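In: the amino acid sequence is not available; the structure is as follows:
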């Protein structure tokens with residue numbers, strides 16, 4: 001199976017392919033995502049871990065503890081620093097792709113917001129999305145909502 005989606009880091013050293021459809025797409029407003037993105041929030045696009053294939057370069061890894069207390073392995077370009085993926089240790093079947101690193105981003109449409117209690121005051125949180133004050137117990141509603149949008 002060929003790539004459905006392609007992406008890479010800012011300097012072009014690392015390139016990857018995603019060989020399966022995403023499971024969902026959400027925005028996270030936790031303080032760690034704000035630091036990681038140098039912005040008001042981060043976005044995550046969970047995909048099956050085996051579907052993410054690095055085709056050029058080798059990402060560096062850094063492990064951190066998330067606000068929910070869970071451990072996350074963060075993969076990034078050692079040259080330009082672009083964050084590419086997060087691999088949660090609580091679910092070895094999922095990789096959270098940082099979707100801003102995709103070559104084509106015009107189709108991205110988040111279905112929810114996590115950690116809204118940490119959101120910057122000026123960020124508008126839509127009532128039409130699934131919203132969670134912290135970390136949801138499970139992501140089944142986010143997965144189901146994604147299916148209704150993308151078919």
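Out: Structure's in. What do you need? Quick caveat, the model's predicted, so the values are computed rather than measured.

In: and for the least confident helix or strand in the chain by mean pLDDT, what's in contact with it?
Out: Of all helical and strand segments in the chain, the minimum by mean pLDDT, DSSP states H and E falls on helix 31-37, at a mean of 84. Outside of helix 31-37, the residues within contact range by Cβ atoms under 8 Å, 6 or more residues apart in numbering are 40-42, 64, 66-67, 74, 83, 115, 118, 120. C-beta: built from backbone N, CA, C; applies to glycine.

In: and those residues, which is the shakiest by pLDDT?
Out: In terms of pLDDT, residue 67 ranks lowest among the contacts of helix 31-37, with 64.

In: for this protein, longest helix please?
Out: Taking DSSP state H as the criterion, the chain has its longest helix at helix 140-150.

In: which neighbouring elements make contact with that one?
Out: strand 112-114, strand 130-131 (3 or more Cβ pairs under 8 Å, 6 or more residues apart in numbering; DSSP states H and E).

In: mind redoing it with 10 Å?
Out: Here helix 140-150 touches strand 26-28, strand 42-48, strand 112-114, strand 130-131, going by 3 or more Cβ pairs under 10 Å, 6 or more residues apart in numbering; DSSP states H and E.

In: pull out the buried positions in that helix.
Out: 142, 145-146 (16 or more other Cβ atoms under 10 Å).

In: and stretch 14-24, by the same measure?
Out: 14-19, 22-24.

In: just grab the bridge partners of the most centrally placed residue in the chain for me.
Out: Compute the mean C-alpha point of the chain, and by Cα atoms, centre = their mean the closest residue is residue 44, 1.8 Å away. The partner list for residue 44 in beta bridges (DSSP bridges) reads residue 26.
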